[in-house]
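**Student:** Task: produce atomic coordinates for the following.
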Amino acid sequence: MNSTVKIKIGIASIAALGLAAVIAAIAFLVGAVGGTRDSEEENMPRAYEYGTATATNGMELHFLRTRPSNIEPLVIRNNVSAVPHYGVNGGFFYEDALLSVAVLNDEPVHGETGRYGSGGANVKYARGTLVWDGALDRLSVQVVRQAKEIEVSDRARFWEQGGISMSLVRGEDWERQTAEEAAPLPDQTSLRSGAVYDKEGNLYLVVSSTKGTLAAFREAILERIGGGKLVDGIFLDGDGSSQLRSREKKLAGDGRLVVQMLRLIE
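**Tutor:** From the prediction side, this is the model:
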């Protein structure tokens with residue numbers, strides 16, 4: 001009897017130890033995963049300011065404020081909220097082809113110059129293109145069809161991102177310009193994104209988490225971004241492509257993959 005009891009107790013003890021080991025292993029793995037995520041976030045860019053604001057018209061905006069030297073266009077073929085970078089979505093695309101200019105130091109980011117979908121052209125239309133002239137540390141919006149038409153001081157030190165002109169200082173005439181550039185679905189209530197800059201050369205990457213027309217998004221930006229010092233900017237791709245990732249916020253749009261983003265370097 002005593003021997004049998006001892007055997008039963010031994011088996012129970014072993015089982016308990018096995019369960020404890022499994023629990024400990026699970027806890028370790030969870031901690032390791034959490035530690036990896038914490039470590040990843042710790043090593044992500046910090047040279048930016050995150051902000052959010054709700055405009056009078058109800059548009060809720062999220063923005064990353066940084067210097068243009070801290071930005072580069074990057075091909076990701078993923079959802080912005082899921083990549084190991086901070087930033088927002090870029091311009092228009094179809095399947096795996098970029099339909100908007102996306103150039104870094106005179107090289108399209110998605111293939112050879114002249115190849116369809118490489119980022120070397122605003123396909124079909126001359127459109128508002130945000131340009132950072134690295135030699136002068138100056139931003140501008142230039143309406144071009146081909147990336148090579150851009151005017152900069154040093155073609156080895158600049159980036160450009162195509163979109164649609166926002167024309168922030170043109171008053172009511174801005175809508176005529178967006179029509180000339182064939183802005184898609186301007187009157188549809190959609191998620192929106194854009195990039196604008198102020199008189200001090202700060203760049204704001206802006207994404208909405210509520211839906212609105214192109215006009216409502218532009219109105220919200222003028223009211224809530226830049227403290228009345230905005231100079232100009234462009235609309236980026238919208239609807240489900242309106243995506244953002246930062247330490248403070250993730251916006252996945254409708255979950256779709258985008259070809260390219262504007263990412264923060266540091």
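**Student:** OK, contacts around the residue lying closest to Ser153 once chain neighbours are set aside?
**Tutor:** Nearest residue to Ser153, sequence neighbours excluded (Cβ to Cβ, 6 or more residues apart in numbering): Ala135, at 3.9 Å. All C-beta spots, glycine's among them, are computed from the backbone N, C-alpha and C. Contact analysis of Ala135 by Cβ atoms under 8 Å, 6 or more residues apart in numbering lists 152-154, 157-158.
**Student:** out of these, which are inside helices?
**Tutor:** Using DSSP state H, no member of those falls in helices.
**Student:** Any chance of those in a markdown table with distance to Ala252, pLDDT and neighbour count as columns?
**Tutor:** Below are the contacts of Ala135 laid out as a markdown table (distance: Cβ to Cβ, whole Å; pLDDT from 0 to 100; neighbours: other Cβ atoms under 10 Å):
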| residue | distance to Ala252 | pLDDT | neighbour count |
| --- | --- | --- | --- |
| Val152 | 34 | 98 | 20 |
| Ser153 | 38 | 98 | 11 |
| Asp154 | 37 | 98 | 12 |
| Arg157 | 33 | 98 | 17 |
| Phe158 | 30 | 98 | 22 |
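**Student:** which one of those residues is nearest Ala126?
**Tutor:** Val152 (17.3 Å; Cβ to Cβ).
**Student:** Go ahead and confirm the closest one touches Thr129.
**Tutor:** No - look at Val152 against Thr129 with Cβ atoms under 8 Å: they stay out of range, at 11.4 Å.
**Student:** Helix, strand or coil: sort out the residue nearest to the spatial centre of the chain for me.
**Tutor:** Most central in the chain under Cα atoms, centre = their mean is Val88, positioned 0.6 Å from the mean C-alpha point. For Val88, the assignment made with DSSP: H, G, I helix; E, B strand; the rest coil gives strand.
**Student:** Name the residues linked to it by a beta bridge.
**Tutor:** Beta-bridge pairing of Val88 under DSSP bridges involves Leu244, Leu262.
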